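K.L.:
structure for this input, please:
(chains A, B, C, D, E, F and G)
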Amino acid sequence: MNRNQYDNDISTWSPQGRIYQVEYALEAVKQGSAAVGLRSKTHAILLALKRSSGELASYQNKLIRIDDHLGIAIAGLTSDARVLSNFMRTEAMKSKIMYNRPLPVYRIVSAIGDKSQVNTQNYGRRPYGVGLLVIGVDETGPHLYETSPSGNFLEYYAISIGGRSQSAKTYLEHNYESFADADVDELIVHGLRALHATLQQDKELNTLNCSIGIVGQGQKFEMIQDVDLQRYLDMLGPQGTGDQAAASQGEAPMDTE
Amino acid sequence: MNRNQYDNDISTWSPQGRIYQVEYALEAVKQGSAAVGLRSKTHAILLALKRSSGELASYQNKLIRIDDHLGIAIAGLTSDARVLSNFMRTEAMKSKIMYNRPLPVYRIVSAIGDKSQVNTQNYGRRPYGVGLLVIGVDETGPHLYETSPSGNFLEYYAISIGGRSQSAKTYLEHNYESFADADVDELIVHGLRALHATLQQDKELNTLNCSIGIVGQGQKFEMIQDVDLQRYLDMLGPQGTGDQAAASQGEAPMDTE
Amino acid sequence: MNRNQYDNDISTWSPQGRIYQVEYALEAVKQGSAAVGLRSKTHAILLALKRSSGELASYQNKLIRIDDHLGIAIAGLTSDARVLSNFMRTEAMKSKIMYNRPLPVYRIVSAIGDKSQVNTQNYGRRPYGVGLLVIGVDETGPHLYETSPSGNFLEYYAISIGGRSQSAKTYLEHNYESFADADVDELIVHGLRALHATLQQDKELNTLNCSIGIVGQGQKFEMIQDVDLQRYLDMLGPQGTGDQAAASQGEAPMDTE
Amino acid sequence: MNRNQYDNDISTWSPQGRIYQVEYALEAVKQGSAAVGLRSKTHAILLALKRSSGELASYQNKLIRIDDHLGIAIAGLTSDARVLSNFMRTEAMKSKIMYNRPLPVYRIVSAIGDKSQVNTQNYGRRPYGVGLLVIGVDETGPHLYETSPSGNFLEYYAISIGGRSQSAKTYLEHNYESFADADVDELIVHGLRALHATLQQDKELNTLNCSIGIVGQGQKFEMIQDVDLQRYLDMLGPQGTGDQAAASQGEAPMDTE
Amino acid sequence: MNRNQYDNDISTWSPQGRIYQVEYALEAVKQGSAAVGLRSKTHAILLALKRSSGELASYQNKLIRIDDHLGIAIAGLTSDARVLSNFMRTEAMKSKIMYNRPLPVYRIVSAIGDKSQVNTQNYGRRPYGVGLLVIGVDETGPHLYETSPSGNFLEYYAISIGGRSQSAKTYLEHNYESFADADVDELIVHGLRALHATLQQDKELNTLNCSIGIVGQGQKFEMIQDVDLQRYLDMLGPQGTGDQAAASQGEAPMDTE
Amino acid sequence: MNRNQYDNDISTWSPQGRIYQVEYALEAVKQGSAAVGLRSKTHAILLALKRSSGELASYQNKLIRIDDHLGIAIAGLTSDARVLSNFMRTEAMKSKIMYNRPLPVYRIVSAIGDKSQVNTQNYGRRPYGVGLLVIGVDETGPHLYETSPSGNFLEYYAISIGGRSQSAKTYLEHNYESFADADVDELIVHGLRALHATLQQDKELNTLNCSIGIVGQGQKFEMIQDVDLQRYLDMLGPQGTGDQAAASQGEAPMDTE
Amino acid sequence: MNRNQYDNDISTWSPQGRIYQVEYALEAVKQGSAAVGLRSKTHAILLALKRSSGELASYQNKLIRIDDHLGIAIAGLTSDARVLSNFMRTEAMKSKIMYNRPLPVYRIVSAIGDKSQVNTQNYGRRPYGVGLLVIGVDETGPHLYETSPSGNFLEYYAISIGGRSQSAKTYLEHNYESFADADVDELIVHGLRALHATLQQDKELNTLNCSIGIVGQGQKFEMIQDVDLQRYLDMLGPQGTGDQAAASQGEAPMDTE
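P.N.:
Okay, the predicted model is just below:
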């Protein structure tokens, strides 16, 4: 009610020290479809729901390859995400040309943060309406970051963004201690279970509605989708069981293997 | 009611993470006359109603040739469409001059998306009020995209935009599985039926009120209109029958062949 | 009532996908004095009422020569029209100097459209408050276009703009089929009748209050006014008769020859 | 009442297609002191009331010489008039230097119109608050134009602007047919009578409160004021008579000779 | 009341053709301390009250030397006055360097007018809040001008600006006819009497609270203040008498010698 | 109440000719801690209360050295003061480099005034929120100026700014006549007494809460603080006595020696 | 209530001489997690709580190394802090390259202040929402500064910023006199006790939730975290005791060793 005199303008503080326009942009991220990221000592993976625009279009892939060592999952405004992914590709290319090395993961994530911050301080712009999960491998090993419209970013062992991501986070919190030493197949199964937790009760993961991105030491960024997904879905076992359990428990933690 | 304090300005988020001005621009697309696009393994076609400005003007063609391998259908503000089509022609020409190759379809669609996104983030501009169906052929085969004022774009097997396009989509959803292997004549008949579904009950397609654009592997973009249309209209059979069925069914799916 | 929060700013969409400031600018065109255009296979002509500013000034001519092959009639803000006509003259001159050929009619009309569109999308400008009828001859024959504050333009067989132009359009719709093969004198008589239909009941066309512009294949743009008009007014027959008929019929179609 | 949401901003159309800020600027012209212009076949003259700022200042002359062949009378904001007169002098000088000829009258009037139009279309400026009567002689003979804050301008046989100018116009309308063949003395007497008609009932023209500007074929622009005026005032006959007649008739037409 | 929707913005006309922000700036001039100017055939002088900021500061001199032949008195915002006086000094210096002659008085006053006008037409600026009396001598003799925030300026025989200047004007109006032939001492005595008329009833002119500026043919601009003033104050006779008379007469004319 | 429609914007005049935003900025100066300046024929000194931010910080010194011959005391926003002091240092340095002489005091004070004035006339800036006391010595002797957010500045014999400065001014007004011939120690004692008058009743000056700046003919700007202050505090005698007297007398003049 | 007409815009003063937007930005600092700084004669240290974003992310470190001799702790918006820390690193690097010396601490703190001040005076920007504690060593020894969104900065013996920092300040005020001669271990223990005071009653410091930064004469900036912290936490003794004492005493001073 009273707050609305401070929430129209990105360059206006509220009396409580909040910038409402940034908070509103975060809502756009929550309306995207869910994505999940996990990291072991050697690999980092992304899993995302594809958003369907009906039968006439292919599902929209929410995973994007940036470079051999870098990939992202997006949640929020697709067109804003494209601006940021184009920016990342350009930066990755510049790094190769100018420094003859792959762009360190922290550096590109930090550049996204700086680019996003500018839109939170200057009148006449709006914050980006998209959150990213960024995975990559560099000299310091595999990494998983989340970036946000505020310009903030954080490194995670495992994380989920987008719609109903809280359910995925609950699963990840119960299982993340085993991720460090997991092999890629184990990571993927954990990731699929977390992603499955974001589905509505009567929905199942299948080869059309999700995709996986993998990058690791000695492994270039690679996408797994369509029929190649079946192998991993088969590992997942009956999804319905877990679902019913979750449903009866509301937002309670998912059962783990 | 309450939302209107957030809907005057393109650079303002609503508390729910929406950008109302983008949504309002989408309304302009819905007010355009209908266009339909379909794609087989070898060809992509566009069909559009010409908008009549009365007897004194020729019907307004909503199909525009961009290059030998590229064409568009428009729905929404004609003057905004002209800005975008001029941009596309310039980009196509630059590609030929600089890279000595036809502009890949994804690339031009992506450029339209980026150009549109800019108008969704900066104060003092308005989003474009036009949606495009883009067909084209490049090394990866025939393509059909829809672009929107939001800066989003999607690839489709078949799609329709503009006024009453939901009726066309319903027809396409019931028939799209046969498009991949259809020959050009079959594609056109499907397209005409879909387009016919967008007409008011007492209207018929004729050689004056619609036009067709075709591009394919080994076939440059070509427009079929006026008397040349008769051959295809003849294939269509009595239009009235389907119409009455649709009318009695409201927005229900059209009968298929 | 409710709409007015969206109608102050050219860069704001209404929830219905309309840009009210463009629509308001169109009202300025309707307040101009009437102009009429007609086209045969060989010629295109313009006819316009001169607006009187009282006895002390000469009547204001609403026809403007742009180039040997180009002329316009204006309805709306005279000072805005002057901006556009200056622009057209400059473009025509550039075409001669750079390409050594007369500017194609479609090209200049399209340039007017683009110039007008800019003023419909950027905050801090207003749309032009003038509509133009453009006639011209080029390699593709004679042309007649109408341009509008929205940036739109259309080609016509015959058309009228400005105050009470609906009456002229009604006449033209009843007669346009004969224009294609009409000779210049016939075209002019049709045009004068259409123009006469826009007059209030007690007014007559005379050598002072109207003017004619003609361009054709092998005929440079030429203006007919003052005493030279008498020959055509004489062909028109008694104007009063038609007028009374129109008056008794409201906006009903004028009797045709 | 209702209109005021459209009348604060020069770049906003009202729903009726009006630009109120331009109309308001025209009010400033009406508040200036009156000026009168007349034209014969060989000469054009201006007559203007000087505005008194009290005994301590000399009367403010409202006539300004621009060039040997050009002069103006102003009504409205003096400081805006100075901007325009400086502009005219610069243009006149450029014409001499670049083209080695006096600036044609139409050309400078048109340039004033274009300069004024810019201020009617761009946010953050206001229209000029001054109207000009421009007299000049060029190869096409003597000319008399009126320019306005809207960017419009018109050529006249005779005209008056500023406060109570309607009374002068009434006089001019009754007499203008004789101006074409009048000699300079006759023109001046007509002009003084028109100017006198703008005075309040108890005021008389005298050598201090008015001035005359003359330009003609073979006669450079020249100002007549102070004692030199007496000769013409003497020709005028008793002013009081006409005044009383006018007073008893309100705004009714003045008696003519 | 109703007018305030038009009085916040320098680029907005009121429906009556007024620019309120300019009128408001004129109020700032009226709040300055009084200054008086007089002119004879050979000399022009300024007299101004110094404004006291208490015992701890010297009185603020309101007279400023611009050049050997130019000086000003100010009323209104001191910091705005400094901007204008710096501008005048720069212009005077440029004239000497570029044209090797003293800047003509009309020219500098006109430049002040143009500089002030800009601030009355462009959004985001405010009009200057200061009025100037400018005295100077050039080839055409001595001059006295008043400039105003509106960009207007006028030449005067004698004038007063600032607080209670109406009383000084009344004195000047009763005596100005004798100024032309007065010698410098007589001019100064008239000026002091006029200045004295602006004082509150219980105040007297003394060597601390006023100052005099003189420029003339063959006499460079010179300031008289402090003890040098006593000679002129002595000529003035008992000030109280005149004061009481004035007080009893309200704003009625002062007795003259 | 009513005035607030004119007090949000630095470029808006109130109907009474006031610029409220400038007046509001002056309030920020009054909220600073007090500073005092005095001048003799040979020296100028500044005395200022240090503002305490608690025990953990050293007291904030309000005196700043600008150059060997220049120093300031500040009251108001510290960060604004830093902008101005940096500007002064740069100007002082430029003077040395370009003209090989110390910057005259009037010149730097005038430059501060001009820099401040800009922020009182242009939309989108705010006036500086700081007042300065400037002391300095140049060829014309020692000087003491006060500058203000309005762009005004004045030279003083003695002055005080900041919180409760009225009490200090009262003391100075009773004693300033003896300052001209005072030696430095006497000046300092006067200054400390004036500064003491600004303290709340139960506060005393001590070596931590105040500081002194001195500049004079043949003496570079020097700061006296901490233990070096004790010598002067000892000269001051028992402060309490004077305080109680002042307290019992409200704002009445302090007793003098 | 009434004040809100002055609190939306950084370039607007309130009638009381306040800039509310700066004050609101200070609230953002108070919402950050607590940080503490202390300084001895030879060293300066920082201690900060790491903010937890849940189990899936590592704790967010609030200490940042700038250069070998410089480090900061942040409280407030992380993305704003990154802008400032990037700026500091660039400045530090420039100093090394251009002057071949480490950047003096005062200079970088002053530059932060100036950069922050700009955002408090210009429309369309917002003040930074972050406070910094800056420690560093240069030729003048170790330093500890606090910077704020207002552009102000202060040097401290010891200080705390962020959430519940008042409790830490109370501890520091009771103990700061012993810091000057403390060795590094003693400083750290004091710092940990102050930091512990900011925790809620049931929280304890551990190796995961805090970190320490040290810089000193002859010691480059170094961070202590994770297991290396245990040695110092062991020195701290049972935290609970102090906590309960503090809790029972509200905001009363912590017991000191």
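K.L.:
give the buried residues for stretch A:216-236.
P.N.:
A:Gly216, A:Phe221, A:Met223, A:Ile224, A:Gln225, A:Leu229, A:Tyr232, A:Leu233, A:Leu236 (16 or more other CB atoms under 10 Å in any protein chain shown). Where you see a C-beta, it was placed from the backbone N, CA and C, and this is true even at glycine.
K.L.:
grab the nearest non-local neighbour of the first one.
P.N.:
The spatial neighbour of A:Gly216 that comes closest, neighbours along the chain excluded (CB to CB, 6 or more residues apart in numbering or on different chains), is A:His43 at 3.5 Å.
K.L.:
my read is that that neighbour contacts A:Pro142, right?
P.N.:
Yes - the pair A:His43 and A:Pro142 passes the contact test of CB atoms under 8 Å, sitting 5.6 Å apart.
K.L.:
list the residues that contact both of these two?
P.N.:
Common neighbours of A:His43 and A:Pro142 are listed as A:Val215, A:Gly216, A:Gln217 (criterion: CB atoms under 8 Å, 6 or more residues apart in numbering or on different chains).
K.L.:
show me where chain A has strands.
P.N.:
A:35-39, A:43-49, A:63-67, A:70-76, A:130-138, A:141-147, A:153-155, A:158-161, A:210-216, A:219-224 (DSSP state E).
K.L.:
what are the pairing partners of the last one, and which direction each?
P.N.:
Same thing as strand A:219-224. If you go by DSSP bridges, strand A:219-224 pairs up with strand A:210-216 (antiparallel).
K.L.:
do the fourth one as well
P.N.:
Strand pairing for strand A:70-76, using DSSP bridges, gives strand A:63-67 (antiparallel), strand A:130-138 (antiparallel).
K.L.:
quick one: contacts for the one residue in chain A that gets nearest to chain F?
P.N.:
Here chain A gets closest to chain F at one residue, A:Tyr123, 10.1 Å apart by CB to the nearest CB. Going by CB under 8 Å, 6+ apart, A:Tyr123 touches A:Asp9, A:Ile10, A:Ser11, B:Tyr123, G:Tyr123, G:Gly124, G:Arg125.
K.L.:
one step back: as TSV, the strands of chain A with mean pLDDT would be great.
P.N.:
Formatted as TSV, the strands of chain A follow (pLDDT from 0 to 100):
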stretch	mean pLDDT
strand A:35-39	98
strand A:43-49	98
strand A:63-67	97
strand A:70-76	98
strand A:130-138	98
strand A:141-147	98
strand A:153-155	95
strand A:158-161	98
strand A:210-216	97
strand A:219-224	97
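K.L.:
return the residues of the stretch 1-150 of chain A in contact with chain G.
P.N.:
Residues of the stretch 1-150 of chain A lying near chain G by CB under 8 Å from any CB of the partner chain: A:5-6, A:9-19, A:110, A:113-114, A:116-117, A:120-124, A:150.
K.L.:
in helices, which of the residues you listed fall?
P.N.:
A:Ser110, A:Gly113, A:Asp114, A:Ser116, A:Gln117 (DSSP state H).
K.L.:
need the contact list for the third one.
P.N.:
Put plainly, it is A:Asp114. A:Asp114 touches A:Gly151, G:Ser79, G:Arg82, G:Val83, G:Asn86, counting by CB under 8 Å, 6+ apart.
K.L.:
rerun that using 7 Å as the cut-off
P.N.:
By CB atoms under 7 Å, 6 or more residues apart in numbering or on different chains, the contact list for A:Asp114 reads G:Arg82, G:Val83.
K.L.:
can you pull the pLDDT of it?
P.N.:
Note on A:Asp114: pLDDT of 96.
K.L.:
cool, and the first one?
P.N.:
On the pLDDT scale, A:Ser110 is placed at 96.
K.L.:
cool, A:Ala247 as well?
P.N.:
35.
K.L.:
cool, A:Asp243 as well?
P.N.:
Model confidence at A:Asp243, given as pLDDT, is 42.
K.L.:
quick one: pLDDT of the residue of the stretch 151-257 of chain A at minimum distance from chain D?
P.N.:
Among all residues of the stretch 151-257 of chain A, A:Gly151 sits closest to chain D, at 32.0 Å; criterion: CB to the nearest CB. Looking at A:Gly151, its pLDDT reads 96.
K.L.:
hang on, A:Leu205 packs against A:Gln239?
P.N.:
Yes - using CB atoms under 7 Å, A:Leu205 is in contact with A:Gln239, at 6.3 Å.
K.L.:
residues in contact with the residue in the stretch 101-250 of chain A that chain C sits nearest to?
P.N.:
As assessed by CB to the nearest CB, chain C sits closest to A:Gly124 within the stretch 101-250 of chain A, at 10.1 Å. Each residue near A:Gly124 by CB under 7 Å, 6+ apart is listed here: B:Ser11, B:Asn122, B:Tyr123, B:Gly124, G:Gly124.
K.L.:
what about the first one, distance to A:Asn122?
P.N.:
For B:Ser11, the distance to A:Asn122 (CB to CB, to the nearest Å) stands at 10 Å.
K.L.:
settle it for me: which of those two has more neighbours?
P.N.:
B:Ser11 (22 against 14; other CB atoms under 10 Å in any protein chain shown).
K.L.:
what's the farthest-apart pair in the contacts of A:Tyr123?
P.N.:
B:Tyr123 and G:Arg125 (14.3 Å; CB to CB).
K.L.:
for stretch A:114-122, which positions count as buried?
P.N.:
A:Lys115, A:Ser116, A:Gln117, A:Asn119, A:Thr120, A:Gln121.
K.L.:
can you check stretch A:196-205 too?
P.N.:
Here stretch A:196-205 shows A:His196, A:Ala197, A:Thr198, A:Leu199, A:Leu205 as buried, counting by 16+ other CB under 10 Å.
K.L.:
D:Glu27: which of those residues is nearest?
P.N.:
Distances from D:Glu27 to the buried residues of stretch A:196-205, taken by CB to CB, are shortest for A:Thr198, at 65.7 Å.
K.L.:
my read: that closest one touches A:Ser33, true?
P.N.:
No - counting by CB under 7 Å, A:Thr198 stays clear of A:Ser33, with 8.2 Å between them.
K.L.:
who touches both of these two?
P.N.:
A:Gly163.
K.L.:
now do the residue in the stretch 1-150 of chain A that chain D sits nearest to against B:Asn122, distance only.
P.N.:
The minimum distance from the stretch 1-150 of chain A to chain D, using CB to the nearest CB, falls at A:Gly124 (14.9 Å). With distances taken as CB to CB, A:Gly124 is found 7 Å from B:Asn122.
K.L.:
and if you look at A:Gly216?
P.N.:
Distance from A:Gly216 to B:Asn122, by CB to CB: 40 Å.
K.L.:
which residues touch A:Cys210?
P.N.:
A:Cys210 touches A:Leu47, A:Ala48, A:Leu49, A:Lys50, A:Leu195, A:Leu229, counting by CB under 7 Å, 6+ apart.
K.L.:
so which of those residues would count as near chain B as well?
P.N.:
Cross-checking the contacts of A:Cys210 against chain B (CB under 7 Å from any CB of the partner chain) gives no overlapping residues.
K.L.:
neighbours around the closest residue to A:Ala168 other than its chain neighbours, how many?
P.N.:
Spatial nearest neighbour of A:Ala168, excluding adjacent residues (CB to CB, 6+ apart): A:Ser160 at 3.6 Å. Using other CB under 10 Å, A:Ser160 is surrounded by 31 other residues.
K.L.:
A:Ser160 against A:Lys169, yeah?
P.N.:
Yes - counting by CB under 7 Å, A:Ser160 does reach A:Lys169; the two are 5.2 Å apart.
K.L.:
how much space is there between the residue nearest to A:Leu103 when sequence neighbours are not counted and A:Pro142?
P.N.:
The shortest distance from A:Leu103 to any non-neighbouring residue, by CB to CB, 6+ apart, is to A:Ser95 (3.8 Å). Counting by CB to CB, the separation of A:Ser95 from A:Pro142 is 18 Å.
K.L.:
got the phi and psi for the residue of chain A found nearest chain E?
P.N.:
For chain A and chain E, the shortest gap (CB to the nearest CB) falls at A:Tyr123, measuring 14.8 Å. The phi/psi pair for A:Tyr123 (degrees, to the nearest 10) reads phi -60, psi 140.
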